[in-house]
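J.: sequence first, then the predicted structure:
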Amino acid sequence: MEGVLTPEIWIAIADKTGIVELRRTTRDEPDYDKLMQGRLALLNRHSLTMSEIQQVIATLEPLNGAKVFLDELRSITQTIILSDTFEQFAASLILQLGMPTLLCHTLVVENNRIIDYRLRLPDQKRAAVSAFKKMNYNVIAAGDSFNDTTMLIEANTGFLFRAPDNVKAQFPRFIAVDEYAELMALIKNALT
């Protein structure tokens with residue numbers, strides 16, 4: 001979701017709060033737990049509340065062209081968004097995208113403070129793709145970060161979309177594109 005259809009939520013939070021260390025994403029850190037533990041420590045250190053975070057998220061909109069892309073994609077095939085975001089973060093953005101199916105994680109919030117997070121299951125994107133394939137679905141996947149690569153490997157067809165150079169360099173096996181029209185053409189070709 002983030003970086004493909006929506007802005008990076010943690011970067012928006014970093015920019016609004018001035019907590020520069022929150023700009024670190026799965027494009028930079030492949031170890032998701034390490035990344036999240038660092039984020040939780042920063043939220044605690046800076047006494048940042050869930051309400052303050054949700055106020056920042058409420059100002060965000062999908063990336064330019066994302067909804068049109070998603071609407072066209074859903075007109076030709078079933079579409080599911082697999083994300084390492086959290087239900088409490090994604091709600092307003094998913095609504096703006098026309099309520100596509102989103103499978104993601106959840107935050108543990110107590111007294112307006114994020115104290116932990118709960119994964120649906122480890123490597124859930126890959127696991128979801130594997131389950132779809134076991135049900136005889138042809139899975140086409142696209143992503144931009146290290147945490148997407150196991151999903152792309154597991155999929156019948158995988159593409160990198162707007163991926164940074166460090167991800168593209170480590171995974172040259174995937175076609176990498178930067179525009180929705182290019183991605184749509186690749187998907188349509190993979191569907192035939």
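T.: Perfect, thanks for sending it.

J.: and the contacts of stretch 169-178?
T.: Where contact means Cβ atoms under 8 Å, 6 or more residues apart in numbering, the residues beyond stretch 169-178 that reach it are Phe146, Thr149, Leu152, Gly158, Phe159, Leu160, Phe161, Arg162, Ala163, Lys168, Leu183, Leu186. (Glycine included, C-beta is placed from N, CA and C.)

J.: beta partners for the closest residue in space to Ile114 that isn't next to it in sequence?
T.: Leaving aside its sequence neighbours, Ile114 sits nearest to Leu107 (Cβ to Cβ, 6 or more residues apart in numbering; 5.2 Å). For Leu107, the beta-bridge partners are Tyr117 (DSSP bridges).

J.: could I get the full set of helices for this protein?
T.: Secondary structure of the chain by DSSP state H: the helices cover 9-17, 32-45, 50-57, 66-76, 87-96, 124-134, 149-154, 165-170, 180-191.

J.: those helices into a markdown table, with extra columns for distance to Leu102 and mean neighbour count?
T.: Converted to a markdown table, these look like this (distance: least, Cβ to Cβ, whole Å; neighbours: other Cβ atoms under 10 Å):
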| stretch | distance to Leu102 | mean neighbour count |
| --- | --- | --- |
| helix 9-17 | 13 | 19 |
| helix 32-45 | 17 | 16 |
| helix 50-57 | 14 | 16 |
| helix 66-76 | 11 | 15 |
| helix 87-96 | 5 | 18 |
| helix 124-134 | 11 | 17 |
| helix 149-154 | 14 | 20 |
| helix 165-170 | 22 | 13 |
| helix 180-191 | 19 | 15 |
